[in-house]
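Participant: Sequence below, structure please.
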Amino acid sequence: MRAFRRIAAVLLMGSAGLAFAAPPPLFVLNSLDASVSVIDPQTWQETSRIPTGKEPHHLYLTPDEKSLIIANALGDSLTFIDPRTAQVQRTVRGIVDPYHLRFTPDMKWLITAGNRLDHVDFYRWDGKELSLVQRVSTGRTPSHLWIDATSRRVYASMQDSDELVVIDIASQTILSRTRTGPMPADVYGSPDGRQLFVGLTGGDGVEVFDISGREPRSLRVIKTGNGAHAFRAAGDQRHLYVSNRVANTISKINMLNGEVVASYPAPGGPDCMDVSADGRWIYVSSRWARKLTVIDTEARQVVRQVKVGKSPHGVWTLAHAPR
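Facilitator: Just a heads-up that it's a prediction; the model follows:
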């Protein structure tokens, strides 16, 4: 009996070790279902579906990496989830219209874009709690945010007024407005901090801005495909992926010379993406197909699709390539 108990204990410890070593899940926001699909990256099954507030669109990790924040735009709330166990930690209410969100690199501010209410909000972050300090009226339909590495400026795309708005973080005032191509969406800064890439969802490419001066200056448009929308870094400090929602493709851009170096099929209206830690796989929400699509970047083809909820949008996993 004692021998049996020792064997059972060893087996139990081994099982616990395997569980601990299991890769973290993938999270897919279902905007029209008010839920998050939790995907096991080994079985490629939806293991659970977590209720959220209305219209979750984007998500972001807290600086301590202990919580994944789901921004519920119509729910005026944030849902905090453990990125490793997918357990709901808490819900913070009274966060008005959080469509897109970013922490400043110095970890002092959480900044949100109020897409339907035309404002950008600055929340003081003390490592746990949030307090609203300033609400900045912007322009029509602020969409996506990018913050420079020095935590001095936040860049916000104005989806319906075709502008790029620059806000000074210290004073929380608008510094400049610059015209963009049609329907700007996601924004991403180059590793050297001198250029900003803007997806033109109403066009067929990515507009590149020089942001080294006092105001952004448009340099060129990189043709990628109709409905250029969301970005994700490839993880090598050189390449950037952009989803072309209308063209049903994903383009890989060399940020150093502005050339498109690869293209991948991405059916069903590709939207937000994440990239595996080794750079091999792209995980993209197929917005109109209600699926998570997995793309092999070496074979340049779709290898699987996982059914999720209505209008899947944000995608994220802790095991991702460097941003």
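Participant: Moving along the chain from the worst-scoring helix or strand of the chain on mean pLDDT, name the first helix or strand you hit.
Facilitator: Ranked by mean pLDDT, DSSP states H and E, the helix or strand of the chain with the weakest confidence is helix 2-21, at a mean of 45. From helix 2-21 onward toward the C-terminus, using DSSP states H and E, the following helix or strand is strand 26-30.
Participant: thinking in terms of the whole chain, how far from its middle is that following strand?
Facilitator: How far strand 26-30 lies from its chain's middle: 11 Å, per CA atoms, centre = their mean, to the nearest Å.
Participant: now swap in stretch 104-113 and tell me
Facilitator: Worked out by CA atoms, centre = their mean, stretch 104-113 lies 15 Å from the chain centre.
Participant: helices and strands around the host helix or strand of residue 101, which ones?
Facilitator: Using DSSP H and E, residue 101 falls within strand 100-103. Contacts defined by 3 or more CB pairs under 8 Å, 6 or more residues apart in numbering; DSSP states H and E place strand 100-103 against strand 56-61, strand 68-72, strand 109-114, strand 142-147. To be clear about C-beta, it is placed using only N, CA and C from the backbone, and glycine gets the same treatment.
Participant: what residues does that strand touch?
Facilitator: 57-58, 60, 62-63, 69, 71, 109-113, 115, 125, 142-147, 154 (CB atoms under 8 Å, 6 or more residues apart in numbering).
Participant: Quick one: mean pLDDT for that strand?
Facilitator: For strand 100-103, the mean per-residue pLDDT is 98.
Participant: just stretch 217-231 next, same as before
Facilitator: 98.
Participant: Kindly report the same for stretch 283-294.
Facilitator: 98.
Participant: now swap in stretch 156-172 and tell me
Facilitator: 98.
Participant: buried sites along that stretch?
Facilitator: Buried residues in stretch 156-172, counted by 16 or more other CB atoms under 10 Å: 156-159, 161-167, 169, 172.
Participant: start to end distance for that stretch?
Facilitator: 13 Å (CA to CA, to the nearest Å).
Participant: And stretch 97-112, by the same measure?
Facilitator: 8 Å.
Participant: tell me which residues of it are tucked away?
Facilitator: 97-104, 109-112.
Participant: Kindly report the same for stretch 67-84.
Facilitator: 67-81, 83.
Participant: of these, closest to residue 188?
Facilitator: For these, the residue nearest residue 188 by CB to CB is residue 71; the value is 18.3 Å.
Participant: Enumerate every residue touching that closest one.
Facilitator: 56-60, 78, 95, 98-101, 112.
Participant: at 6 Å instead, please
Facilitator: Applying CB atoms under 6 Å, 6 or more residues apart in numbering to residue 71 gives the contacts 58, 98, 101.
Participant: likewise residue 271?
Facilitator: 230, 243, 285, 287, 313.
Participant: do that again at 7 Å, thanks
Facilitator: Going by CB atoms under 7 Å, 6 or more residues apart in numbering, residue 271 touches 229-230, 243, 245, 284-285, 287, 313.
Participant: for residue 244, same thing?
Facilitator: 224-228, 250-251, 270.
Participant: sorry, back to before: would you turn the helices and strands packed on strand 100-103 into TSV with distance to residue 322 and mean pLDDT?
Facilitator: Formatted as TSV, the helices and strands packed on strand 100-103 follow (distance: least, CB to CB, whole Å; pLDDT from 0 to 100):
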stretch	distance to residue 322	mean pLDDT
strand 56-61	13	97
strand 68-72	18	98
strand 109-114	22	98
strand 142-147	16	98
